[in-house]
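*Asks:* Provided below for reference: sequence and predicted model.
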Amino acid sequence: MLRKTFIPILLLASVLLTSWGVIGHRAIGKIAESHLTNKAKKAVVHLLGSESLAMVSTYPDEIRPYPKYAYTAPWHYVNLPEGLNYNDFSSQLKSMEKPNIYKALNNCIADLKNPSKSKEEQVFALKFLVHLVGDIHQPMHTGHSEDSGGNGIKIKLMRKEGNLHGLWDSGLIDYAGMSYQELATACDVTKKKDTKIWVKDDIAKWAFESYELSKQLYAEAAKNPDFDYDYYPHHADLVKKRLAQAGIRLAAVLNEIYR
Ligand code: ADE
Ligand code: ZN
Ligand code: ZN
């Protein structure tokens, strides 16, 4: 009996903890690295030594399953009611009491700007910043609480069973079959004039973009959850755009902190 319940719990935990997946998060770190100013590069080396942004990007997912770090689990996402316009979304997001990704990101930035924080605290904040800028660009990380951001929505991709959240965390990226370096190169192709607009948007706007995208992804899954060979080609540009936006905006945040 114990074993029967234990295995599904383990499986569920492994499904819930992956965010953009290793390749997606590393690609975001890699994109950011190529848009840092010299000052920001130096500050990152001071904190991380020989580790890169790409390699630390998955740290929050690695520690999350351990009871000592269970308090960080709600930092990876935010759930809000359906159908909000930007003003209502943004005011509910900003006034939310319980821990969430918006609060966690702002805390990371505040810690990195605060010279009274120890180096260890700043390293922790930097690793979370790299990861959470990625997570907030994953549309299903601003989903609905009833289905845990799509974890509870069963879908099939090319006859393989999964859920909508996991598909957007890593299913589509795995399907593309690229290394994180290849993926970073494939994503980092945005025109300067577009990246200039992206970096002006604030964190609430990043979250609202994801919220609006999740609406579309939920609707598609509700219409027909049996996704075929068209699903990846139809969404590949969107996956790449969200990874590029995350990488470019992460670099801009770091450039601003260390300006
Ligand atoms: N758990 C509950 N809601 C979630 C969400 N939106 N994203 C990831 N994990 C979740
Ligand atoms: Zn995460
Ligand atoms: Zn996720």
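*Replies:* Happy to help now that I have it. Residues are numbered from 1 along each chain as shown. Ligands and ions are numbered 1, 2, ... in the order given.
*Asks:* pretty sure residue 41 is in a strand, no?
*Replies:* No. The secondary structure assignment for residue 41 gives helix rather than a strand, going by DSSP: H, G, I helix; E, B strand; the rest coil.
*Asks:* give me the spatial nearest neighbour of it, chain neighbours excluded.
*Replies:* Leaving aside its chain neighbours, residue 41 sits nearest to residue 33 (7.9 Å; criterion: C-beta to C-beta, 6 or more residues apart in numbering). (C-beta placed from N, C-alpha, C; glycine too.)
*Asks:* check contacts around the one you found.
*Replies:* For residue 33, the contact set (C-beta atoms under 8 Å, 6 or more residues apart in numbering) comprises 41, 52-54, 251.
*Asks:* start and end of stretch 196-205, how far apart?
*Replies:* Distances were taken as C-alpha to C-alpha, to the nearest Å; on that basis the terminal residues of stretch 196-205 are 15 Å apart.
*Asks:* Provide the secondary structure category for residue 246.
*Replies:* Applying three-state DSSP: residue 246 is helix.
*Asks:* what is the burial count for it?
*Replies:* Residue 246 sits with 30 neighbouring residues when counted by other C-beta atoms under 10 Å.
*Asks:* before we move on, what about residue 101?
*Replies:* Using other C-beta under 10 Å, residue 101 has 24 neighbouring residues.
*Asks:* surely it and residue 207 touch.
*Replies:* Yes. Checked against C-beta atoms under 8 Å, the pair residue 101 and residue 207 is within contact range at 7.3 Å.
*Asks:* next, show the common contact partners of these two.
*Replies:* Joint contacts of residue 101 and residue 207 (C-beta under 8 Å, 6+ apart) are 78, 136, 142.
*Asks:* isn't the first one right next to residue 98, touching?
*Replies:* Right, residue 78. No. With contact defined as C-beta under 8 Å, residue 78 does not reach residue 98; the gap is 9.4 Å.
*Asks:* looking at those two, which is more packed in?
*Replies:* More crowded of residue 78 and residue 98, by other C-beta under 10 Å: residue 78, with 26 against 7.
*Asks:* what's the residue nearest to residue 43 when sequence neighbours are not counted sitting at in phi/psi?
*Replies:* For residue 43, the nearest residue in space outside its immediate sequence neighbours is residue 258; the separation is 4.2 Å by C-beta to C-beta, 6+ apart. In this entry, residue 258 is assigned phi and psi values of phi -110, psi 40 (degrees, to the nearest 10).
*Asks:* which of the shared contacts of residue 101 and residue 207 fall in strands?
*Replies:* Secondary structure assignment (DSSP state E) places none of these within strands.
*Asks:* which of those residues lies closest to residue 194?
*Replies:* Distances from the shared contacts of residue 101 and residue 207 to residue 194 were compared by C-beta to C-beta; the smallest belongs to residue 136, at 18.8 Å.
*Asks:* so the closest one makes contact with residue 202?
*Replies:* No. Using C-beta under 8 Å, residue 136 is not in contact with residue 202, being 11.4 Å away.
*Asks:* any idea how far stretch 243-259 is from the chain center?
*Replies:* For stretch 243-259, the separation from the chain centroid amounts to 14 Å (computed by C-alpha atoms, centre = their mean, to the nearest Å).
*Asks:* now do the buried residues in it.
*Replies:* 243-255, 257-258 (16 or more other C-beta atoms under 10 Å).
*Asks:* quick one: is that stretch near ligand 2?
*Replies:* No. Using C-beta under 5 Å from the ion, stretch 243-259 stays clear of ligand 2, with a minimum separation of 11.8 Å.
*Asks:* point out where the stretch 151-259 of the chain drops to low pLDDT.
*Replies:* Across the stretch 151-259 of the chain, nothing is flagged by pLDDT under 70.
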